[in-house]
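S.K.: Predicted coordinates and the sequence they were generated for:
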Amino acid sequence: RMTGAPTQFGIDSETVAELAPELRSVAGTRLAGLHLFSQSNAKDEDALIGELTHTLGVAAAIQDDLGVPLRLLDIGGGFSVPYAQHGGRDSYPKLRTELEAALDVHFPSWREGTPRLAVESGRYLAGDCGTLVTRVSNVKVSRGKKFVIADAGINTFGGMSGLGRLMPVTVHVPVDGGTEKASLVGPLCTPGDVLGRQIELPADVRDGDLLAIPNTGAYGPTSSLLMFLGRPAPVEVAVSGGEVVSATRIAHVRTPVENGGRR
């Protein structure tokens, strides 16, 4: 859960009433709406419904405190899809009906567009649109533990591990192949370059093999340590209808700055 706790983001909801006159008086601005975000990757539909309906109640209370009708209300997201693991999107068959009922209570004019509503579907839309393909560069055993070293690490796919939130990945394994526990690590000279610690990998994996990690269409290169140790960015291949439509790589370019960087 991301609301109701101390945070560097936004404004504490309980302070809005006191600050409302100051917020309304900022020169050159006008209050347009609210942006709230309660949680991420909610697998339980009832919990997601509870959080979003609570969010609507908080938003309605803030609207009353401000004394200004909201024109825009962003209630965040939290819709679940596997991250670098097998599986599909979770479904929420009750969500629409429950949200409509809560909106009717807290914002009776929402069906006429007041406020205009927004949700953040994010990874729920893009998560299954990508597969990370990495080549094994070495397989070794160190003090009884097996390590599979790949050419992709947290510089390529560090959306969680690079932030200290190691989410165990899964790797496509041939139907007729056996597996064994090993750590899948990247090529960087840091012990933090781990994509999966003691996960199931093909037992016969060897140098030169390609490993495929599913559901990597979000939190990929742009949330990774791309410039770490000067490694090149990964090639991103876009495929449509079985045909490659583009193959590109992010490049960092140094450019001159006017006035010596002074503002």
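M.R.: Cool, got the structure. Numbers count the residues shown, from 1 in each chain.
S.K.: From here on, just use CA atoms for contacts and neighbour counts.
M.R.: Fine.
S.K.: domains of the protein?
M.R.: 13-125, 130-232 (automatic domain parsing).
S.K.: Confidence-wise, which of those domains is weakest overall?
M.R.: Ranked by mean pLDDT, these bottom out at domain 130-232, with a mean of 86.
S.K.: what distance separates that domain from the centre of its chain?
M.R.: Offset of domain 130-232 from its chain centre (CA atoms, centre = their mean, to the nearest Å): 18 Å.
S.K.: tell me how far the ends of that domain are from each other?
M.R.: The first residue of domain 130-232 is 19 Å away from its last residue (CA to CA, to the nearest Å).
S.K.: Looking at the domains of the chain, spot the one closest to Arg249.
M.R.: Closest to Arg249 of the domains of the chain is domain 130-232 (CA to CA; 8.5 Å).
S.K.: quick one on the thing from earlier: want to throw the domains of the chain into a markdown table with mean neighbour count and distance to Val239?
M.R.: Output for the domains of the chain, formatted as a markdown table (neighbours: other CA atoms under 10 Å; distance: least, CA to CA, whole Å):
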| stretch | mean neighbour count | distance to Val239 |
| --- | --- | --- |
| domain 13-125 | 16 | 17 |
| domain 130-232 | 17 | 10 |
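S.K.: what about Lys181, which SS state?
M.R.: strand (DSSP: H, G, I helix; E, B strand; the rest coil).
S.K.: Can you say which helix or strand has Leu117 in it?
M.R.: Applying DSSP states H and E as the criterion places Leu117 in strand 116-120.
S.K.: ok, that strand: who's next to it in the sheet?
M.R.: Sheet pairing of strand 116-120 (DSSP bridges) gives strand 72-77 (parallel).
S.K.: Show me where the protein has its helices.
M.R.: 16-24, 45-66, 95-106, 123-126 (DSSP state H).
S.K.: partner strands of whichever strand in the chain runs longest, parallel or antiparallel?
M.R.: Secondary structure of the chain read by DSSP state E shows that its longest strand is strand 132-142. Note on strand 132-142: by DSSP bridges, its sheet partners are strand 145-150 (antiparallel), strand 210-213 (antiparallel).
S.K.: among these, which is nearest His35?
M.R.: Among the strands paired with strand 132-142, the nearest to His35 by CA to CA is strand 210-213 (33.5 Å).
S.K.: okay if I get the helices of the chain as JSON lines plus distance to Tyr83?
M.R.: Formatted as JSON lines, the helices of the chain follow (distance: least, CA to CA, whole Å):
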{"stretch": "helix 16-24", "distance to Tyr83": "36"}
{"stretch": "helix 45-66", "distance to Tyr83": "18"}
{"stretch": "helix 95-106", "distance to Tyr83": "22"}
{"stretch": "helix 123-126", "distance to Tyr83": "9"}
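S.K.: Of all these, which one is nearest Ile75?
M.R.: Using CA to CA, the nearest of the helices of the chain to Ile75 is helix 45-66, at 6.7 Å.
S.K.: Which neighbouring elements make contact with the closest one?
M.R.: helix 16-24, strand 72-77, helix 95-106 (3 or more CA pairs under 8 Å, 6 or more residues apart in numbering; DSSP states H and E).
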